[in-house]
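J.: coordinates for the following, if possible.
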Amino acid sequence: MPHRTSLYLALSLAAVGTTAHAQDTASDADAQHATHLSTVRVTGHHADGYDADRSQLGSFGGGALHDTPASVVVFTRDQIDDRQPRSLSELAKGDAALGDNYAAVGYYQDISVRGFPLDYATSFRQNNLTIAGAQMLPLEDKQQVEILKGLAGIEAGVVAPGGLINFVSKRPANVHTVTLGTDSHGSRYGTADLGGWLTPTFGLRFNAAYEDTHSFVQHADGRRNFYALAADWKISPSSLLELDGNYQTSAQRDASGYQLLGGTKIPAHASRTKMLGFEPWQQPVSIAATNLSARYTYTVNQDWSVKLAAGHNRSVIDDNVAYPYGCFYAASCASGDTPGYFFGPDGAYDVYDFRSPDDTRNNDEARATVRGHIDAGSISHDLTLGVQAFRRTVDQRQEVYDYVGTANIDQADPPYFAPSPNQPGPSARRLTSWQRSAFALDRVHLGDTWQVLAGARFVRLNERAYDDSGVLERTTRLSKTLPQAAVLWQPNAAITGYLSYGEGLSLGKEAPYWTANPNVIMPPIHSRQVEAGVKYAVGDHLDLTAALYRIRQPYQFAQPDDSAEGFSFVQSGQEVHTGLELGTHGQLTSHLRVAASASYIRARAEDTGTPSYEGHQVANVPTLRTSVNADYTLPFAPQLAVLGAWRYSAPKAALPDGSVRVGAYNVFDAGLRLSSHIAGHAAAWRLMVSNLFNRFYWRDTGSAYGDRFLFPSEPRLARLSVKFDL
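T.: Predicted structure coming up:
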């Protein structure tokens, strides 16, 4: 497991004679010439286990998590291997502060952190360079996954207040493994992980994966191909070049979510396996994604280093779905009593032929960072200075979005409806966004006990958005300075206490089509966060963490009014999330490893001008969530380990007025890991059964583009894999 191994060596050397006679007759006078050397602390870490000690998210002036005045959770390679997640939603089950937010089966997924959804445009990173969240996010070539919880203004500039997720690639190493897997639905899965050092200074790591998914949702089988290559070149003792590239294609039908019946009722007999709106002409959602990056580090001396980084990301999405949405054309909604953007009170819903091919997202980023250390008497400074440029473009074709018929949730499959004869229009530029920034941070060491961090990022954002015909629709220009400050108290090597303050900036949401100001992009909003935390290293093997935080940002919502549509999309009042997080990661005993967390959030809308939206929990944010993952190695059979997990969520609101809620749930997982040998080669067998008791629950009551959806849980699923060392 990763841990800090701290050895304190008290060395005293006495001057002695050079002859045996002098040694025999050493006197007290000799001892007076002794030279006492200062204590030496040797620190190391391993790259396996359930506990990690470092992160690439380094704008806080260092990569050691114990010295970082922020909440960062790291999913290690061992955790990923044991739990066998295949999607972002499954990965997010590993920490209580994370939850689903429009995480449909067969579609790229989003999660929320501390109750705020991540931003597809800027919240996702690979090797600390921005990638589009609009892609399937593979895990086969990742050494660990890092999630910064809370405001990341100094880290990323314009980004949602929930935080960041960073996927860290495996580096070259002498490894030759293949993994084969299947599941209780008959899926097929295979990976290869091959690497080595071709010379003492140049190494490669190749990862590949193939997945033929038999989904628990009918008509939603899919496939995926993935290839990745990493290279490290130690150009000299002081310079290192790291290169990474991966390419993935995937295709799977999108399983859309439910909506409230009549806008007021949870579907009573929802099916986890039924594909709503299915039509045989519905094509899979196909996604082809490429991620490239280069990072060059030059160490000037033991105190100063320079790092240059550049990345390119391209994601091309062919979005196709027979889309179940609303009840505008249903007889049960004809009276107008039910809003057309919900399912009908009798379960009726409209089906639309939606096609948006060649939806292309390009991200290009370049960053230069200088880090240095300055001693000034009893005070020392760790400086981080940098500049960054980030360009994002979106090219889309005018989509087909045509009504084709009305079905009902009680039908096994909806009737056959002919697809729309219309075809998508030509591709056109829809968005060009530039974010240029400069940042600086000073970590001041005031003796051995206190540290003060102070810094800021200056951001200049320039965006131009166009409609389907290429006409300029919106221009956004702004400049903003986002400060960051923290105080750390470290009375000894095991304890870190901190108090931090930060500000962030995120883009405004787009008004839903059913409001009085449809498709209007709201102005960027300013967020603030205060956080206090404690980190305690129990020996070398276990970390305990606690954090108390408060995040504030303007509340964005469809406000009821007297307009003809009945709603106008506004930014009014504040959305305030106050929370407490507890966590423990590492080796609890010699046989038991744990990764456990609990999250309490009080999420409220305040001063909105709409009293019915205040005084209760914000939609899709449970007040309490827990996550426990354990690995127990049997003392009498050390080659065999028992795996277990437990997750709990309190009830969640499904509407902004809190009038409808889904119930609380407990979910249990269980598994085994067996280490063995096949023909003299090491093999690791893993069996994991998720949702062991086949519990039905609503895992997601989030929103997308102003509309609210309900996604049911996955049924019981068993995954079996064997990792074979060649």
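
J.: if I look at V300, how far off is G386?
T.: According to Cβ to Cβ, to the nearest Å, V300 and G386 sit 15 Å apart. Bear in mind the C-beta positions are built from the backbone N, C-alpha and C, glycine included.

J.: so what's V642 up against?
T.: The contact partners of V642, by Cβ atoms under 8 Å, 6 or more residues apart in numbering, come to D631, Y632, L634, A670, G671, L672.

J.: that one: what secondary structure?
T.: Recorded secondary structure, V642: strand (DSSP: H, G, I helix; E, B strand; the rest coil).

J.: show me the beta-bridge partners of it.
T.: Y632, L672 (DSSP bridges).

J.: residue contacts, L241?
T.: Residues near L241 by Cβ under 8 Å, 6+ apart: A231, D232, W233, I235, A294, R295, Y296.

J.: give me the low-pLDDT residue ranges for the chain?
T.: The model of the chain has pLDDT under 70 over residues 1-48, 58-63.

J.: would you list every one of the helices in it?
T.: Assigned by DSSP state H, the helices in the chain fall at 20-24, 28-31, 77-83, 88-91, 153-156.

J.: what's next to the third one, contact-wise?
T.: Residues from elsewhere that reach helix 77-83 (Cβ under 8 Å, 6+ apart): 1, 47-50, 90-91, 93-94, 139, 142-145, 170, 595, 629, 631, 643, 645, 669, 671, 673, 684, 686, 688, 723.

J.: for I147, what are its contacts?
T.: Counting by Cβ under 8 Å, 6+ apart, I147 has contacts V72, V73, V74, F75, D95, L98, V113, G163, L164, I165, N166.

J.: most neighbours of all the contacts of V642, which one?
T.: In terms of neighbours by other Cβ atoms under 10 Å, the contacts of V642 top out with D631 at 24 neighbours.

J.: so that one touches R593, yeah?
T.: Yes. The criterion here is Cβ atoms under 8 Å, and D631 meets it with R593 at 4.3 Å.

J.: any residues in contact with both of those two?
T.: Y50.

J.: returning to what we had before: and V300 and G386? which has more neighbours close in?
T.: Counted by other Cβ under 10 Å, V300 and G386 do not tie: G386 has more neighbours, with 18 against 12.

J.: quick one: that one from Y352, how far?
T.: Counting by Cβ to Cβ - G386 and Y352 are separated by 46 Å.

J.: what does T199 give?
T.: 58 Å.

J.: now the end-to-end length of stretch 71-81.
T.: Stretch 71-81 has its terminal residues 24 Å apart, counting by Cα to Cα, to the nearest Å.

J.: could you list the buried residues of the top strand by length along the chain?
T.: If you go by DSSP state E, the chain has its longest strand at strand 348-376. Neighbour-count burial for strand 348-376 flags 348-357, 359-367, 369, 371 (criterion: 16 or more other Cβ atoms under 10 Å).

J.: for stretch 511-531, same thing?
T.: 511-512, 514-516, 520, 522, 524-531.

J.: wouldn't F390 be in contact with T130 here?
T.: Yes. The criterion here is Cβ under 8 Å, and F390 meets it with T130 at 6.1 Å.

J.: common neighbours of those two, please.
T.: Counting by Cβ under 8 Å, 6+ apart, the residues touching both F390 and T130 are T122, N363, E365.

J.: just the ones of the contacts of I147 in strands?
T.: Secondary structure defined by DSSP E assigns V72, V73, V74, F75, L98, V113, G163, L164, I165, N166 of the contacts of I147 to strands.

J.: what's the closest of those to T476?
T.: Nearest to T476, judged by Cβ to Cβ, of those is L164 at 21.7 Å.

J.: any idea which of the ones in strands among the contacts of I147 is closest to F567?
T.: Set against F567, the nearest of the ones in strands among the contacts of I147 by Cβ to Cβ is V113 (27.7 Å).

J.: and the spatially closest residue to the closest one that is not a sequence neighbour, how many neighbours?
T.: Spatially, and ignoring its direct neighbours in sequence, V113 is nearest to G162 (3.6 Å; Cβ to Cβ, 6 or more residues apart in numbering). Neighbour count for G162, taken as other Cβ under 10 Å: 31.

J.: thought G615 was touching E606?
T.: No. Between G615 and E606 there is no contact under Cβ under 8 Å: 9.1 Å.

J.: filter the contacts of helix 77-83 down to the buried ones.
T.: For the contacts of helix 77-83, a neighbour count by 16+ other Cβ under 10 Å gives the buried set as 1, 47, 49-50, 90-91, 93-94, 139, 142-145, 170, 595, 629, 631, 643, 645, 669, 671, 673, 684, 686, 688, 723.

J.: so which of these belong to strands?
T.: Using DSSP E, the buried ones among the contacts of helix 77-83 in strands are 142-145, 595, 629, 631, 643, 645, 669, 671, 673, 684, 686, 688, 723.

J.: any idea what the nearest residue to T177 once chain neighbours are set aside is bridged to?
T.: In space, and not counting its chain neighbours, T177 is closest to D193: 4.8 Å by Cβ to Cβ, 6+ apart. On the basis of DSSP bridges, D193 is bridged to T177, N207.

J.: what's around D193, how many residues?
T.: So D193, with other Cβ under 10 Å, has 22 neighbours.

J.: give me the distance between it and L243.
T.: 18 Å.

J.: got it, and V667?
T.: Counting by Cβ to Cβ, the gap from V667 to L243 is 41 Å.
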